[in-house]
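> sequence first, predicted coordinates after that:
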Amino acid sequence: MKYDVVIVGAGPSGSTAAKNLAENGKKVLIIDKQKFPRDKPCGGAIPTRVMKQFPYVEEFIDSISYGSYTHSSSLKYTLKFVREKPLLATVIRKDFDDGLVKLAVNAGAMFLNSKTVKDVTTQKDKAVLLLDDEEKIEAKIVLGCDGMRSIVAEKTNLCKKMDDICICVVQEQPMSTQQLQKYFTDKKIVHLFIKTQGIAGYGWVFPKKKHINIGMGQFESAVDSSKARPNLKKSYKKYVELLKEKKMLPKDFPIENVKGGTLPVFPLKKTYSDRVLICGDAAGFINSITGEGIYYAMASGKMAANVALESLDSDDMSSEFLSKYQDLWYDKFGKDLKLLSRFNKMWGDDSERFVRLLSKDLKFAKLIVGITGGRISISRYRTKIIIRYIYVLIKDFFSKK
């Protein structure tokens, strides 16, 4: 079986790339090891720029949140940020991912699920993929969109040892509209708990249309190795009890169907080689402060598809030609990911003062919420953020005097 492009992984990056390629008349195959529709451990919160850049996703949006409360670890300080415009959107990943792959199929892509890719080799005139049933598939180009443990990246020597990861536990539970209204209002207020239960990360509460998504994530690069590591499952149970105590959940809220997951934190140094491009989580495209990755997945999938189209049309699948993909994503969001990565280890520091400062200065808070929410670029607003931060520090110093 021969294709122009074979895409390994049917998540947001793979489906986005497949849709783009199929709409441009290319013969495309998507392969995924799981049977769709399938669920994925995820908070399901996506920045509003996803809807702006990919308007067709609106039919798969579950709900919109218009505000967030960010709590310090001691709960002494809270940044309340509520607005009239959407702050973020939420999705049910099972429905969202299935909807995206169906769009790709409707555009003309072929979809093979419940099939695992065992090996990927590149030759002078083609790439060959070996499946778990020993079937071989040929392609001119392969896109690795197969998540953090990418077989495509591994077999083409593009992967790296993933020590710097985020480990998370998440629970998505049905909840009545009356309860959601009672606890989170019609604004669907999101709650974030910085370093809750002593973890080097944060806990979240994302209200949706008929579900509540609760979870916590720990960034391993920020964990203090001199201290005992918290057990994330036990920490999660304590976290849910805290939410009940603060009357953010009903007393009979069950802890069940809790799932674990891991995320990469930093991008691969190289995301291309002869006949191969790596996208989304497989490339390490994650906001290293929040763990959000759906925007980067879809954006990189589209960019990879565009470069693949140029490559096919010019009959040049060399590493040198495909390197323009790396230039594209670095210019689009790579500078931001690089800057954000510098703050990743701050999850191990005391957050009390920072949340207090945010709660006392709305302009500074808007900048930080804009960056973490993906609405503004940290590389473009870096100077403005630094100046405002210095101003807030000075103001705080003299207010104590």
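Yep, it's here.
> which stretches of the stretch 251-400 of the chain form helices?
294-314, 319-322, 324-329, 335-341, 352-360, 362-372, 378-400 (DSSP state H, counting those that start in this stretch).
> and the last one, how far out from the chain's middle?
Centroid separation between helix 378-400 and its chain, computed with C-alpha atoms, centre = their mean, to the nearest Å, is 28 Å.
> do the same with the shortest one
For helix 319-322, the distance between its averaged C-alpha position and the chain's averaged C-alpha position is 27 Å (C-alpha atoms, centre = their mean).
> of all the residues in that helix, which ones are buried?
321-322 (16 or more other C-beta atoms under 10 Å). Yep, even glycine has a C-beta here, placed from its N, CA and C like the rest.
> now do the fourth one
Taking 16+ other C-beta under 10 Å as the basis for neighbour counts, the residues of helix 335-341 that come out buried are 336-337, 340-341.
> could you export those as JSON lines, including distance to residue 356 and pLDDT?
Shown next, in JSON lines, are these (distance: C-beta to C-beta, whole Å; pLDDT from 0 to 100):
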{"residue": "336", "distance to residue 356": "26", "pLDDT": "94"}
{"residue": "337", "distance to residue 356": "28", "pLDDT": "94"}
{"residue": "340", "distance to residue 356": "22", "pLDDT": "90"}
{"residue": "341", "distance to residue 356": "25", "pLDDT": "87"}
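> the helices of the stretch 251-400 of the chain: which one's closest to residue 74?
Distance to residue 74, taken as C-beta to C-beta, is lowest for helix 352-360 among the helices of the stretch 251-400 of the chain, at 6.1 Å.
> which outside residues touch that closest one?
70-74, 76-80, 194, 364-365, 368, 392-393, 395-396 (C-beta atoms under 8 Å, 6 or more residues apart in numbering).
> now the angle between helix 378-400 and it, please.
If you take axes from the mean of the first three to the mean of the last three C-alpha atoms, to 10 degrees, helix 352-360 sits at 90 degrees to helix 378-400.
> kindly export helix 352-360 (C-alpha atoms) in CSV.
What follows is helix 352-360, C-alpha atoms only, in CSV (Å, rounded to 0.1, in the frame of the first residue of the first chain):
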residue,chain,number,x,y,z
GLU,A,352,2.7,33.0,47.9
ARG,A,353,4.2,36.3,47.2
PHE,A,354,3.7,36.0,43.4
VAL,A,355,-0.1,35.3,43.8
ARG,A,356,-0.4,38.1,46.3
LEU,A,357,1.3,40.5,43.8
LEU,A,358,-1.0,39.4,41.1
SER,A,359,-4.1,39.9,43.2
LYS,A,360,-3.1,43.5,43.9
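> so which bits of it are buried?
354-355, 357-359.
> how near is the most centrally placed residue in the chain to residue 381?
Against the mean C-alpha coordinate of the chain, by C-alpha atoms, centre = their mean, the closest residue is residue 293 at 1.7 Å. Counting by C-beta to C-beta, to the nearest Å, the gap from residue 293 to residue 381 is 21 Å.
> try residue 264
Distance from residue 264 to residue 381, by C-beta to C-beta: 25 Å.
> any idea which of the helices of the stretch 251-400 of the chain gets closest to residue 227?
The nearest among the helices of the stretch 251-400 of the chain, by C-beta to C-beta, is helix 352-360 at 17.9 Å.
> what about this protein, any weak spots by pLDDT?
160-163, 400-401 (pLDDT under 70).
> tell me which residues touch the closest residue to residue 388 other than its chain neighbours, please.
Nearest residue to residue 388, sequence neighbours excluded (C-beta to C-beta, 6 or more residues apart in numbering): residue 364, at 4.8 Å. Applying C-beta under 8 Å, 6+ apart to residue 364 gives the contacts 357-358, 388-389, 391-392.
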